[in-house]
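Participant: Here's a sequence, model it:
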Amino acid sequence: MPLTSIITVNFHQTGVTIALLESVGRCYSASDVEVILVDNGAAHDQADLFRPYFENLKYIRSVQNLGFAGGNNLGIRQAKGDYILLLNNDTEIPAGCLETMQAELDANEKIGLLSPLLLYFDQKDLVQYAGFTPLNYITGRNENIGAFEHDYGQFNKSYATGFCHGAAVMCRRTDLDKAGLMDENYFLYYEELDWCEKFKRIGKEIWFTGKTSVYHKESVSVGKESPLKVYFMTRNRMLFIRKNTGFITTILFALYYTFIACPKAIFSYLLKGQKKLARAVLKGLWWNFAHAKHSKHLGWALKN
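Facilitator: Residues are numbered from 1 along each chain as shown. Now for the predicted structure:
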């Protein structure tokens, strides 16, 4: 099997990351796979803690928390594999996963990024992701295909999809070199959607395959509906539109987002007594206007 570089980012979750390394070690040997572990925001070197769990482990310590995009980029720069698999540290893989994904890429040169079926770790017959519908760039919304459906083999096929899923996504090294690294301005959330747009711009397609799966321990890192998650989801949804659409779409989205979507979310959180989440929405929205100079579209609108 050609060498695959698995890149995963740890952020103060030693036990979860070790479980991932153990799952890789059960399925693959050091000659087939290198694991690059980026230890984000690590106060001290933990290489000796992780190395016993996979022989071909490259440990990279970052004193600074670089976020999801920055951490993965740091690992990508050190990768030697013909195939690159970004894999969340809160996942575990089954046997045959890498071979199946490589075979799908080899069978179709048009595929740039490929994500597998994601199943919930605690309920392995429950689907988290089987692709995304195309994005409505005016509202910034789309649908997660298969979410919360019971898996009975209905997604055991491959097809083009709107976007990959950052929890597990594979590409060829040659395509990555053309498309470029993830945009670190996102820090957390939406960076994989932006990465998909980069691959589309070099003429590649985004695909899903249900011929293999990955088990995901969802929200171990951030938690559901935390202020951190709400802030970056709000902030980066608008940043993504600003970066990847034209003038008219950016303005229409900004109007919808500023006067409909965000007020609705703030009001909903206040009704539930979740003041911190309401403030996180406001903070995430305001960031885009405070940094309007980074978008020629939004910056022009504010000045005129």
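
Participant: Tell me where the chain has helices.
Facilitator: For the chain, the helices defined by DSSP state H occupy 14-27, 47-50, 67-78, 97-107, 173-179, 191-201, 227-244, 247-256, 262-271, 275-290, 296-303.

Participant: Flag every buried residue along the fourth one.
Facilitator: Which is helix 97-107. Within helix 97-107, the residues that count as buried by 16 or more other Cβ atoms under 10 Å are Cys97, Leu98, Glu99, Thr100, Met101, Gln102, Glu104, Leu105. For glycine as for every other residue, the C-beta is placed from the backbone atoms N, C-alpha and C.

Participant: Kindly report the same for the second one.
Facilitator: Within helix 47-50, the residues scored as buried using 16+ other Cβ under 10 Å are Phe50.

Participant: average pLDDT across that helix?
Facilitator: Averaged across helix 47-50, pLDDT comes to 96.

Participant: For it, which helices and strands make contact with it?
Facilitator: If contacts are counted by 3 or more Cβ pairs under 8 Å, 6 or more residues apart in numbering; DSSP states H and E, helix 47-50 sits against helix 14-27, strand 57-62.

Participant: swap the cut-off to 10 Å and go again
Facilitator: Under the contact definition 3 or more Cβ pairs under 10 Å, 6 or more residues apart in numbering; DSSP states H and E, helix 47-50 sits against helix 14-27, strand 33-40, strand 57-62.

Participant: Isn't Gly153 up against Gly146?
Facilitator: No: contact criterion Cβ atoms under 10 Å: Gly153 and Gly146 do not qualify, at 12.0 Å.

Participant: List the backbone torsions phi and psi for the nearest residue to Gln64 once chain neighbours are set aside.
Facilitator: Of all residues not flanking Gln64 in the chain, Gly41 sits nearest, at 6.6 Å (Cβ to Cβ, 6 or more residues apart in numbering). Backbone torsions of Gly41, given as degrees, to the nearest 10, read phi 60, psi 40.

Participant: residue contacts, Ala160?
Facilitator: Contacts for Ala160 (Cβ atoms under 10 Å, 6 or more residues apart in numbering) come out as Asn108, Lys110, Ile111, Gly131, Glu205, Ile206, Trp207, Phe208.

Participant: If it is in a bridge, with which residues?
Facilitator: Judged by DSSP bridges, the bridge partners of Ala160 are Trp207.

Participant: what's the first-to-last distance across stretch 131-146?
Facilitator: End-to-end distance for stretch 131-146, by Cα to Cα, to the nearest Å: 8 Å.

Participant: Identify each buried residue in that stretch, please.
Facilitator: Buried residues in stretch 131-146, counted by 16+ other Cβ under 10 Å: Gly131, Phe132, Leu135, Tyr137, Gly140, Asn144, Ile145, Gly146.

Participant: Report how many residues lie close to the residue lying closest to the second one once chain neighbours are set aside.
Facilitator: Right, Phe132. Spatially, and ignoring its direct neighbours in sequence, Phe132 is nearest to Gly162 (3.9 Å; Cβ to Cβ, 6+ apart). Residues contacting Gly162 under the criterion other Cβ atoms under 10 Å number 17.

Participant: which one of the helices and strands packed on helix 47-50 lies closest to Ala167?
Facilitator: Closest approach to Ala167 among these (Cβ to Cβ): helix 14-27, 11.3 Å.

Participant: in that closest one, what's buried?
Facilitator: When burial is assessed from 16+ other Cβ under 10 Å, helix 14-27 yields the following buried residues: Val16, Thr17, Ile18, Ala19, Leu20, Leu21, Ser23, Val24, Gly25, Cys27.

Participant: mind giving me the domain ranges of the protein?
Facilitator: Split into domains by automatic domain parsing, the chain comes to 4-216, 227-303.

Participant: what's the least confident stretch among those?
Facilitator: Lowest mean pLDDT within the domains of the chain: domain 227-303, at a mean of 89.

Participant: rewinding a little: pick the one among the buried residues of helix 14-27 closest to Ala254.
Facilitator: Using Cβ to Cβ, Val16 comes nearest to Ala254 of those, at 37.8 Å.
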